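1. this one's sequence-less:
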């Protein structure tokens, strides 16, 4: 988790391109995190900031 949005965005973009899977950038409280999009559950209490899709825009 990171408190710097710009840092979290760079990590999410790089991770998406490296793994070639969609990555979701989310906020939980005062921190930002990234996870492969398919690992998120609807029950998670997270604020979705952006989804990074390799090779495209979403």
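-> Thanks, I have the structure now. Treat the numbers as computed from the prediction; the structure is a model and nothing was measured.

2. got the contact list for stretch 11-27?
-> The contact list for stretch 11-27 (Cβ atoms under 8 Å, 6 or more residues apart in numbering) reads 2, 8-9, 32-38, 40, 46-55, 58. Yep, even glycine has a C-beta here, placed from its N, CA and C like the rest.

3. Would you write a ChimeraX line that selects the buried entries of those?
-> Buried members of these can be picked out in ChimeraX with the line below, counting by 16 or more other Cβ atoms under 10 Å:
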select :8,9,32,33,34,37,49,51,52
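
4. Next step: the contacts of stretch 11-27 restricted to strands.
-> 32-36, 47-52 (DSSP state E).

5. Could you dump those residues into TSV with pLDDT and distance to residue 18 added?
-> Listed next are the ones in strands among the contacts of stretch 11-27 as TSV, based on pLDDT from 0 to 100; distance: Cβ to Cβ, whole Å:
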residue	pLDDT	distance to residue 18
32	95	18
33	94	17
34	95	12
35	95	14
36	96	11
47	94	24
48	95	21
49	96	19
50	96	17
51	96	16
52	96	11
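
6. Greatest separation within the residues you listed: which pair is it?
-> Taking Cβ to Cβ as the measure, the ones in strands among the contacts of stretch 11-27 span a maximum distance of 17.7 Å, between 36 and 47.

7. Centre-most residue in the protein?
-> residue 25 (2.1 Å; Cα atoms, centre = their mean).

8. you'd agree that residue is in a strand?
-> Yes. Under DSSP: H, G, I helix; E, B strand; the rest coil, residue 25 falls within a strand.

9. what bits of this protein have low per-residue confidence?
-> 56-58 (pLDDT under 70).

10. Give the helix, strand or coil label for the most far-flung residue of it relative to its centre.
-> Distance from the centre of the chain peaks at residue 43, with 16.7 Å (Cα atoms, centre = their mean). Classification of residue 43 using three-state DSSP returns coil.

11. what residues are up against it?
-> If you count contacts by Cβ under 8 Å, 6+ apart, residue 43 has none.

12. which parts of stretch 13-23 are buried?
-> 13, 15-16, 23.
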